[in-house]
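*Asks:* Below: sequence and its predicted model.
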Amino acid sequence: MRDAHQEDAALYLRLHALKDTAVQAEARAWFFEHFDASSLAELNERYPRGSRERHLFAEFLGFYEGAGVLVSRGLLHDDVYFDAPFALELVWPKVGSIIDEMREQLDPAAWENVAWLAKRYEAWSKTKWQSKLEATPAERGPA
């Protein structure tokens, strides 16, 4: 895999700015404060299609879907994305089983990039993640 470069940094900053748009901020706040479903049936019951909550759910996941496209296509280096504070490690445990059900029951392409991103993050965190204090060369370290 290629090294991260300035284009990754620029894309990261654009993605970070997208996260802070009004609709994404509202969707993120709703998700972390109110989302409570552990199955597709519960999602449909509590947040039916057409409801404001279902819209927020889709907006929130849309951020990760877009990020998954960028990372999977090599347009954004995975080290840059996964080292950023986008909270995928908090989101996937809450939505993973729901997305898996959607993909099995409704459409194999449903949120496929979110699922890919979560699986890639799991592998990345086990094989590539390092503490910055240990991984950063001395000439670029905090001291």
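*Replies:* That came through, no problem.
*Asks:* Show the low-confidence segments of this structure, by residue range.
*Replies:* Applying pLDDT under 70 to the chain flags the ranges 1, 128-143.
*Asks:* Could you pull out the buried residues of the longest helix anywhere in it?
*Replies:* Ordering each helix of the chain by length in residues (DSSP state H) puts helix 52-72 first. For helix 52-72, the neighbour count (16 or more other Cβ atoms under 10 Å) marks 53, 55-57, 59-65, 67-68, 70-71 as buried. In short, each C-beta sits where N, CA and C put it, glycine included.
*Asks:* quick one: it to chain centroid distance?
*Replies:* In terms of Cα atoms, centre = their mean, to the nearest Å, the centre of helix 52-72 is set 8 Å apart from its chain centre.
*Asks:* Repeat that for stretch 33-49.
*Replies:* The answer for stretch 33-49 is 19 Å, by Cα atoms, centre = their mean.
*Asks:* Check stretch 48-62 too.
*Replies:* For stretch 48-62, the distance to the chain centre is 16 Å (Cα atoms, centre = their mean).
*Asks:* and what of stretch 13-24?
*Replies:* On Cα atoms, centre = their mean, the centre of stretch 13-24 falls 13 Å from that of its chain.
*Asks:* contacting residues around it?
*Replies:* Ala25, Arg28, Glu59, Phe60, Phe63, Gly66, Ala67, Leu70, Leu76, Tyr81, Ala84, Phe86 (Cβ atoms under 8 Å, 6 or more residues apart in numbering).
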